[in-house]
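Novice: Would you be able to build a 3D model of this:
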Amino acid sequence: MKQFRTLLVAFALTIGTSGFVNAQSKVAHIASQELVESMPAYKAAKSEIEKLNKTYDAEIRNMVLELQTTMKKYQAEAPTKTEEENAKRAQEVQATEKSITDYRQNALQDLQKKEIELMKPIYEKARTSIQKVARAQKFEYVLDSTTGTGVIMADGKNLMADVKKDLGI
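Specialist: Prediction:
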């Protein structure tokens, strides 16, 4: 009976140890933001967004300068105008200020839409390549080791070089 108990304990330990070994997963990591920023398509998209942003900024600056010129003119002419005309001019200035604010908000929304439109395929391409490389190397999990993502230590396999090679960069 004592031998049976010893055999049972040994068997249980063997099963438990093999289960623990099988439960360990292959884990790799990659700094996905660094990968995306190294892609030529990302750089081209950022350049296009920056160009569009500069266009909007120039247009808003021109609108503000035009408003300031109009306001100076109206202030200089105010003493010679009737109260009714000055009130109309004040309403005109307020309407122009509102249109500038609306234009600025629309420009920001347009920039956000453009950024999403340009960046989504880039992030998708990076994600697809990471998955392809990870599966080819039989990794079960890939952690994002970009600073601030919650990964405290990443001593495992870094997939950056392999994914860059897959992407041709």
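Novice: Report all helices and strands that the longest helix belonging to the chain contacts.
Specialist: In the chain, taking DSSP state H as the definition, the longest helix is helix 83-136. Judged by 3 or more Cβ pairs under 8 Å, 6 or more residues apart in numbering; DSSP states H and E, helix 83-136 is in contact with helix 32-37, helix 40-77, strand 141-144, helix 160-167. Where you see a C-beta, it was placed from the backbone N, CA and C, and this is true even at glycine.
Novice: In the third one, which residues are buried?
Specialist: Spelled out, it's strand 141-144. 142-144 (16 or more other Cβ atoms under 10 Å).
Novice: next one: the last one
Specialist: Neighbour-count burial for helix 160-167 flags 160, 162-164, 167 (criterion: 16+ other Cβ under 10 Å).
Novice: next one: the second one
Specialist: If you call a residue buried by 16+ other Cβ under 10 Å, then helix 40-77 has these buried ones: 41-42, 45, 49, 52-53, 56, 63, 67, 71, 74.
Novice: gap between Gln137 and Ala28?
Specialist: To Ala28, Gln137 is 7 Å away according to Cβ to Cβ, to the nearest Å.
Novice: Please apply the same query to Lys120.
Specialist: 24 Å.
Novice: what about the two, which has more around it?
Specialist: Ala28 (23 against 11; other Cβ atoms under 10 Å).
Novice: hang on, the earlier thing: ok, which of the helices and strands packed on helix 83-136 comes nearest Arg127?
Specialist: helix 32-37 (7.9 Å; Cβ to Cβ).
Novice: Other residues contacting that closest one?
Specialist: Contacts with helix 32-37, where a contact means Cβ atoms under 8 Å, 6 or more residues apart in numbering, come from 42-43, 122-123, 126-127, 130, 144, 146, 160, 163-164.
Novice: rerun that using 10 Å as the cut-off
Specialist: Contact with helix 32-37 is made by 31, 42-43, 46, 119, 122-123, 125-127, 129-130, 142-149, 159-160, 163-164, 167, 169, as judged by Cβ atoms under 10 Å, 6 or more residues apart in numbering.
Novice: Give me the average confidence score over it.
Specialist: For helix 32-37, mean pLDDT rounds to 95.
Novice: Next, the buried residues of that helix.
Specialist: So for helix 32-37, counting by 16+ other Cβ under 10 Å, buried means 32-33, 35-36.
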